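> Everything below, folded, please.
(one chain, ligands or ions: 2)
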Amino acid sequence: MSNFFHTKIEFLKGVGPQRAELLQKELNIYTYGDLIQHYPFRYLDRTQFYKISELDESMPYVQVRGRMRGKEVIGEGRKQRLAATLVDEDGNEMDLVWFKGVKWMQKTLKNHTDYIVFGKPTSFNGKFSMAHPELEELLEKKQTTAFLQPVYHTTEKLKAFRVESKVISRMMEMLLKVAIPNIQETLSPELIDHYKLMSKRDALINIHFPQSVDKYNAAKFRLKFEELFYIQLRLLRQKTVRRADLAGQVFKQVPTVTEFYKNHMTFDLTNAQKRVIKEIHKDLTTGKQMNRLLQGDVGSGKTIVAFITMLIAADNGAQSVLMAPTEILADQHYTGLKEFADRLGINIGKLTGSSKAKDRRVLHEQLRSGEMKMIVGTHALLEDVVQFQNLGLCIVDEQHRFGVEQRSKLWRKNPRVIPHVLVMTATPIPRTLAMTLYGDLDVSVIDEMPAGRKEIVTVHRFDSHRLRVFQFVRDQIKLGRQVYIVYPLIEESEGMDYKDLTDGYESIRRAFPEYQVSMVHGKLKAQDKDYEMQRFVRNETQIMVATTVIEVGVNVPNASVMIIESAERFGLSQLHQLRGRVGRGAEQSYCILMTGYKLSRDSKTRLETMVRTNNGFEIADIDLKLRGPGDLMGTQQSGVLDLLIADLAKDAPILQESRAAAQRVLNDDPQLEQPQNQNILRHIKSLSVNTVNWSRIS
Ligand code: ADP
Ligand code: MG
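Ligands and ions are numbered 1, 2, ... in the order given. I've put the predicted structure just below:
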């Protein structure tokens, strides 16, 4: 946008310094450009007129035409109100009431005059009424206005200063009047033509003040398309820039990998694992830095893929790290990888916050000398004292738990060549979101479970059936299995939640006196948590009562029952993650979702979805629809999702089109040098410069 849109908001007629300050503070509106992009969040439908006989209490705001009759003030003092009757052309009646501004209404309301009234209909004793309707006199000459009326987001504070939606709407009108000649097209004529898009100018006019429903739809599409287009364009450009710029070590040798395949594999890789390893291997031989996201549902076998990737690095004289967000997870990874490494006599280490100083010194030394090829750990790996002879590969598990700074600290541990990067996640991210969040990463997906894995049987049980559930647990333990019982932990109600947890623990101990019960939660010291976890792993305890600290990665194949208490309080993706703790061994596994009888509609959908499917991607899609992308795991701080108008949960098709469009543009004109792309280039330059540079992050 040109300089006009950088004009400070206080210069707009009717705004002034005081309101300007409020708009800045409350809505982040600093400039004309900010205001014009403060799109309505909904519209009142004033395109249709209803007859009183057609009204229904479930209707939102509606408008009715009729003649005003018999206004009168009823009651005294504070209880005073003005009542009037509206009669429509069929002769049906509706009451209108005002509790505020009674005097003024009494003065201005004209009896025996035709009006359009607009409000929310409520019914009492079969008669409809509206409180505080908007009124418009219906004049013979004037055409009746039929339109969508914008409703703008505002805040309590703004309202206190009378900056209500209506006032913002008036500001918008003022702004558009002066802005129209200054609105420049931001997409190329070629794109506008090909995707049949409305012009930017018409789109801005119609998003605020739709001239018709069709035009409103076209405006909405155009603006969503543009918003998503520029995100995709940025990501795709970074991808090509990075490809061209960043060199990576070439890993061509695979002698130990071959040996491992031949002599040490105890199972056959799934086709999905094979495909993913091929994709990774290909990246590692190109001489460019790999930047790949590996998605795979819990239990899909990511560990072996990580190990083989690390082995490729080792075969080429490079060291690798695997970093996990928690100590428990790092332990598990270490145990999993060590099992493979030991078969080959490869030196693998573990470094976490609780590593002893003495051990650390040895690790540090071995990493510096290159004697140690593989290391697994937590944030402790990021410390400056941790130096490598030649770090060639970084694998990051569950990356959303790490901040940008932390991750880049890891990449910088090889000052000569940036290490290859593999990000692993068990949180299946819906395609639409992955495209936006990780649009500059290559994505590999393990979409197949190892053969012979039995589907986890999931059921929903009400709290009143607890005794039956306990009997089932007892039977399973008798068969030699172990059981998880998970309680919710929500930060705001922590105190109460811990009480639930400890109460639960006590009642489980009473109910199962013949068995050992562990308890693990976030408030325990790392050592104690570890001790309890290890007891459970060794089957010294049969029941593990826990909060969601066991959510990620923990692997106890003998545990075959997962009970989730107050399951309605968990998000869908989280339920799925928790369920993934079982079903890791040969036995049939079960997930039991416990709730009370009172359930919201969304909770019901979540529970039904869990019972119906084990497919993580399907679940992620539904989760996205239920919660919107802002709440989805790992996306909260991304910033990418601060969208003005597009909605990733709903606009997947537009996202796809806009991505294809961005790709088309870049294929034809990678540098955006051609005349037809000048609008695009100009717009990119004017876009805020403080957007995160994603290419260096992941
Ligand atoms: P996740 O993707 O959740 O990290 P893991 O790598 O921990 O999954 O694998 C889960 C279990 O499945 C492990 O016990 C692992 O040894 C086993 N596994 C992995 N791949 C296969 C396979 N192709 N066939 C049989 N078992 C496998
Ligand atoms: Mg794992």
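> I'd like to know the phi and psi angles of whichever residue of the stretch 351-500 of the chain sits closest to ligand 1, please.
When scored by C-beta to the nearest ligand atom, the stretch 351-500 of the chain has residue 450 as its residue closest to ligand 1, at 3.3 Å. Using the backbone N, CA and C atoms, a C-beta is placed for each residue, glycine as well. Per-residue torsions, residue 450: phi -50, psi 150 (degrees, to the nearest 10).
> same question, residue 531
Main-chain dihedrals, residue 531, degrees, to the nearest 10: phi -60, psi -50.
> can you check the one 3 residues further on too?
Its backbone dihedrals place residue 534 at phi -60, psi -40, with angles given as degrees, to the nearest 10.
> count of neighbours near it?
Residues lying near residue 534 (other C-beta atoms under 10 Å) number 13.
> How much space separates it from ligand 1?
18 Å (C-beta to the nearest ligand atom, to the nearest Å).
> One more: residue 325?
14 Å.
> per-residue pLDDT, that residue?
With respect to pLDDT, residue 325 scores 82.
> helix/strand/coil for it?
At residue 325 the chain is in coil, as set by DSSP: H, G, I helix; E, B strand; the rest coil.
> from what I can see the residue of the stretch 351-500 of the chain closest to ligand 1 touches residue 266, true?
No - using C-beta atoms under 8 Å, residue 450 makes no contact with residue 266, being 11.6 Å away.
> Who has more neighbours out of those two?
More crowded of residue 450 and residue 266, by other C-beta under 10 Å: residue 450, with 16 against 7.
> Residue 383: neighbour count?
12.
> just the strands in the stretch 101-250 of the chain please.
114-119, 122-124, 127-131, 134-137, 147-151 (DSSP state E, counting those that start in this stretch).
> Including distance to residue 505 and mean pLDDT, could these go into a markdown table?
Below are the strands of the stretch 101-250 of the chain laid out as a markdown table (distance: least, C-beta to C-beta, whole Å; pLDDT from 0 to 100):
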| stretch | distance to residue 505 | mean pLDDT |
| --- | --- | --- |
| strand 114-119 | 54 | 89 |
| strand 122-124 | 50 | 88 |
| strand 127-131 | 52 | 92 |
| strand 134-137 | 58 | 82 |
| strand 147-151 | 49 | 85 |
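> and ligand 1, which of these is closest to it?
It is, among the strands of the stretch 101-250 of the chain and with distance given as C-beta to the nearest ligand atom, strand 147-151, at 45.8 Å.
> so what does the closest one touch, helix or strand wise?
Secondary-structure packing of strand 147-151 (3 or more C-beta pairs under 8 Å, 6 or more residues apart in numbering; DSSP states H and E): strand 42-46, helix 165-179.
> can you redo the strands of the stretch 101-250 of the chain as JSON lines with mean neighbour count?
JSON lines is the format used below for those (neighbours: other C-beta atoms under 10 Å):
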{"stretch": "strand 114-119", "mean neighbour count": "20"}
{"stretch": "strand 122-124", "mean neighbour count": "12"}
{"stretch": "strand 127-131", "mean neighbour count": "17"}
{"stretch": "strand 134-137", "mean neighbour count": "16"}
{"stretch": "strand 147-151", "mean neighbour count": "19"}
